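>>> everything below, folded, please.
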Amino acid sequence: MDKRNYTAVTEFLLIGLSHYPALQISLYVLCLMMYLVILLGNSILIIISMLDPHLHTPMYFFLGNLSFLDICYTSSSIPQIVSKFMSERKSISFTGCALQWLFLLAWAVQNVLLLAVMAFDRYVAICNPLRYTIIMNKGLCIQMATWTWVLGFLYSLLLTLLAMTRPFCNNIIDHLTCEILALLKLICGDISLNVFIMTVGNFVFLVIPLLLIFFSYVFILSTILRIKSSEGRKKAFSTCSAHLTVVILFYGSALFMYMKPQSKDTKTSDELIGLSYGIVTPMLNPIIYSFRNKEVKQGMEKVLTRKLYLRKI
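Numbering: from 1, shown residues only. All right, here's what the predicted structure looks like:
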């Protein structure tokens, strides 16, 4: 492409769903309410897991990490999306767009890796319960959680630097956020290196963790079926079904979006699916995985009872 077509970009225009002006107010209210639910639900889970000693286990340590990631992930996009719904000029600075891309992709990868770590935790708890506390010791849990953060940010930083240092043909992004696929379409010239690294990253950070989750649950289900007590099978399956629901919600939309990096057109369905894994999944996580859990409910009751008791004193 001729260099005369390059554009010195200082800001980007986000025009996603702008062709549905009648929906702007409805989407504004809906996204704002969902964001408040995300903040409230995940914050409550983090606080309870910290205050209740009975929840100081690997399972709730990783759940707390997942809740914190969900808060960070949504906070990097939803406030900007909500403000743009009610703004006439739907723009974002070049630096702001780069940072949003960096954090969105990093936290998405961290969520994927953390879901795989949580599957491994359930595998050890159900298939090797006698050695659970030895294998899933505090040091290993901290290391696994740390590596999810490190790998997520390193991969995201690499893709961000490769893309944002390239010249852009225009600054109009047909999406609600600085989404990676929408931005790649604006780059002038060859993006084969970007696509290659994304393809490798999709395999490493989507396919491999998904395979690990799959094989973990093959062993888990095999072990559950051998449990003689119906109550024991019910308890084990309850924990696993909640985690599997979260995995299906997150992976289903993520695989649909990111396993086709060479797509030419950003469709409305892609934007709505992006909203699904960007808003709906983090909102449902504490409900599906935690608030249905008897231990979490007991922990919430203990914390509330303790607070009321201290107030009376």
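>>> where are the low-confidence patches of the stretch 1-150 of the chain?
Residue ranges of the stretch 1-150 of the chain with pLDDT under 70: 1-7, 18-22.
>>> so which residues of it form strands?
Counting by DSSP state E, counting those that start in this stretch, the stretch 1-150 of the chain has these strands, from start to end: 11-14, 91-93.
>>> quick check, distance from the first one to the centre of its chain.
So the one you mean is strand 11-14. Centroid separation for strand 11-14 versus its chain: 24 Å, with CA atoms, centre = their mean, to the nearest Å.
>>> next: the shortest one.
For strand 91-93, the separation from the chain centroid amounts to 23 Å (computed by CA atoms, centre = their mean).
>>> quick one: strands adjacent to it?
When sheet partners are counted by DSSP bridges, strand 91-93 sits next to strand 11-14 (antiparallel).
>>> tell me which residues of the partner strand come out buried.
Buried residues in strand 11-14, counting neighbours by 16 or more other CB atoms under 10 Å, are found at 12, 14. For glycine as for every other residue, the C-beta is placed from the backbone atoms N, C-alpha and C.
>>> how about residues contacting it?
84, 89-94, 97, 171-173, 175-178 (CB atoms under 8 Å, 6 or more residues apart in numbering).
>>> if any of these are buried, put those into a PyMOL selection.
In PyMOL, a selection of the buried entries from the contacts of strand 11-14 looks like this (16+ other CB under 10 Å):
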select buried, resi 84+90+92+94+97+171+173+175+176+177+178
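>>> and the two most separated of the contacts of strand 11-14?
Comparing all pairs in the contacts of strand 11-14 by CB to CB, the longest separation belongs to Phe94 and Leu176, at 17.7 Å.
>>> ok, Ile46 touching Ser67?
Yes - under the criterion of CB atoms under 8 Å, Ile46 makes contact with Ser67 at 5.1 Å.
>>> hang on, the earlier thing: of the contacts of strand 11-14, which belong to helices?
Per DSSP state H, helices hold the following members of these: 84, 94, 97.
>>> turn the residues you listed into JSON lines, including distance to Ile71.
What follows is the ones in helices among the contacts of strand 11-14, written out as JSON lines (distance: CB to CB, whole Å):
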{"residue": "Lys84", "distance to Ile71": "20"}
{"residue": "Phe94", "distance to Ile71": "26"}
{"residue": "Cys97", "distance to Ile71": "21"}
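>>> out of these, flag the one nearest to Ser238.
Lys84 (40.3 Å).
>>> okay, now the unreliable bits of the stretch 201-313 of the chain?
For the stretch 201-313 of the chain (pLDDT under 70), the answer is 253-277, 289-313.
>>> which stretches of it form strands?
Ranges of strands in the stretch 201-313 of the chain, per DSSP E, counting those that start in this stretch: none exist.
>>> and the gap between the nearest residue to Leu115 once chain neighbours are set aside and Ser93?
With CB to CB, 6 or more residues apart in numbering as the criterion, Leu115 has its nearest non-adjacent residue at 5.5 Å, and that residue is Val247. Distance of Val247 to Ser93, given as CB to CB, to the nearest Å: 35 Å.
>>> ok, Ala106 next?
Remark: distance between Ala106 and Ser93 (CB to CB) = 19 Å.
>>> ok, His243 next?
With CB to CB as the criterion, His243 and Ser93 are 39 Å apart.
>>> for Leu183, same thing?
14 Å.
>>> what segments of the stretch 201-313 of the chain are helices?
208-225, 230-258, 268-275, 281-285, 294-312 (DSSP state H, counting those that start in this stretch).
>>> which residues touch the fourth one?
Just to be clear, that refers to helix 281-285. Residues outside helix 281-285 that contact it (CB under 8 Å, 6+ apart) are 34, 37-38, 41-42, 66-67, 70-71, 73-74, 246, 249-250, 253.
>>> and these, which is closest to Phe120?
Leu66 (13.9 Å).
>>> and for that closest one, the neighbour number?
For Leu66, the neighbour count with other CB atoms under 10 Å is 27.
>>> who touches it in this structure?
For Leu66, the contacting residues are 111, 114-115, 118, 285, 289, by CB under 8 Å, 6+ apart.
>>> change it to 7 Å
Contacts for Leu66 (CB atoms under 7 Å, 6 or more residues apart in numbering) come out as 114, 285.
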